[in-house]
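Participant: Pasting the sequence and the predicted model now:
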Amino acid sequence: MAFEGFETRRIGGEGCEINLRIGGSGPPLLLLHGYPQTHFMWHKLAPRLAERFTVVASDLRGYGDSGHPPDGENHFGYSKRATAADQVKVMASLGFPRFSLVGHDRGGRVSHRLALDHPQAVERLSVLDIVPTRTLFKATDQVLATAYYHWFFLIQAEPYPETLISHDPEFYLDFLMRRWAGAGEAFTDEAFGEYLRCFSKPETIHATCEDYRAAATIDLEHDDADLDSRIACPMQALWGAKAVMEKTFDVVAEWRKCAGQVEGQAIPCGHFLPEEAPEETLAALLAFLDP
C-alpha cells in the first residue's frame, strides 16, 4: 500500500489550499513533484525517508488535488514565487519554519525560487534532473528544443494547448512519460492511475500550462532580477544518466553559478529518478540530507 502510515491533509497556502501527505518522525523534509505528476511520484521513497525524517509530500498549486488559483497578471498566479510561498506557509503551519527540500522537475524549479526568496527556511536543497530555468532557455538549440518541445508547446496562448491535450489526456500523459523515462516500466499502475485522474481535470490541464507560461515570462523576470543572488544552503543536484541533462549540460557546474556549495551525481535512469531508480536515488539523498 502506497504511503502506508501517512496522513492526508489540506492546508491553506498563500493563494489556495494545498493537498499533502505527512508521515514519519525526525527533521522536516519537503518533497515537491514535477510535471505532469503529483506528490504520488514519491511513493517509493517517502516511506523509506520517513524512517529518518518527518516527510511532507505535497501537490503544487494547480496540480494533483491542490487548488487552482486565478492566473493573475502576467501569469503570476502560477509563478514559482507564488508556488514557493504556498509551500513555505504550509510548512510553517505544520510547525516547520525551517526544513530540508527535495524537488523534481517543476518542483525543483519551485525549490530554486523558494531557496532564493526564503533562505531562512531551507536547511538543505536537492534538485532532481534540472538546470536553472534561465540557463535552459538561454542554451536552447535544435537538440534541446526537440527534447523539450513541450516547453514551447505549453507556453502558447490559451486555449490552444489546453484544447489539444484535453482531446485525449491519457494518450498525452502516456506518450510524454514513456518518452522521458529510461528503459523498463517506471510507473506502477496505481501511480499512473493517480496521475491520469488528476491530470484529466480541465482546470489542471490549464493550470499546468500556466506553470510553463509563467516560466517563460514572470519567472524569467524574477530570475533576471536575482542574477547576483546565490543559494545560501548546501545544495545537491541529481540527474538521470539516460536523460537530457546528462547529454546537454555539466549540471553541477551550472548550479555552482547559482550556489556556494554544490555536489551532485548522475543516477542510472531517465528523467523520473524516484520511480525508475528508487534505491540509487534514496542512497544519494540520504548521503546528502543525513550525512
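Facilitator: Happy to help now that I have it.
Participant: Flag the shaky bits of the chain, pLDDT-wise.
Facilitator: Filtered on pLDDT under 70, the chain yields the residue ranges 183-184.
Participant: Setting the sequence-adjacent residues aside, check what's closest to the spatially most central residue of the chain.
Facilitator: Central residue of the chain (C-alpha atoms, centre = their mean): G107, 1.7 Å from the mean position. Distance criterion C-beta to C-beta, 6 or more residues apart in numbering; nearest residue to G107, sequence neighbours excluded, is L32 at 3.0 Å. For glycine as for every other residue, the C-beta is placed from the backbone atoms N, C-alpha and C.
Participant: count of neighbours near that neighbour?
Facilitator: 30 (other C-beta atoms under 10 Å).
Participant: now swap in D250 and tell me
Facilitator: D250 has 12 neighbouring residues, counting by other C-beta under 10 Å.
Participant: Repeat that for V90.
Facilitator: 25.
Participant: Distance of A2 relative to T217?
Facilitator: 36 Å (C-beta to C-beta, to the nearest Å).
Participant: do V262 as well
Facilitator: Separation of V262 from T217 (C-beta to C-beta): 27 Å.
Participant: Now tell me what touches the strand or helix carrying the residue nearest to the centre of the chain from outside.
Facilitator: For G107, the host element (DSSP states H and E) is helix 106-117. The contact list for helix 106-117 (C-beta atoms under 8 Å, 6 or more residues apart in numbering) reads 31-35, 60, 80-81, 83-85, 87-88, 101-103, 121-122, 125, 127-130, 132-133, 211, 215, 219, 222, 226, 229, 231-233, 235, 258.
Participant: so after it, what's the next helix or strand?
Facilitator: Using DSSP H and E, the helix or strand that follows helix 106-117 towards the C-terminus is strand 122-128.
Participant: That following strand: partners in the sheet, and parallel or antiparallel?
Facilitator: Using DSSP bridges, strand 122-128 pairs in its sheet with strand 99-104 (parallel), strand 235-240 (parallel).
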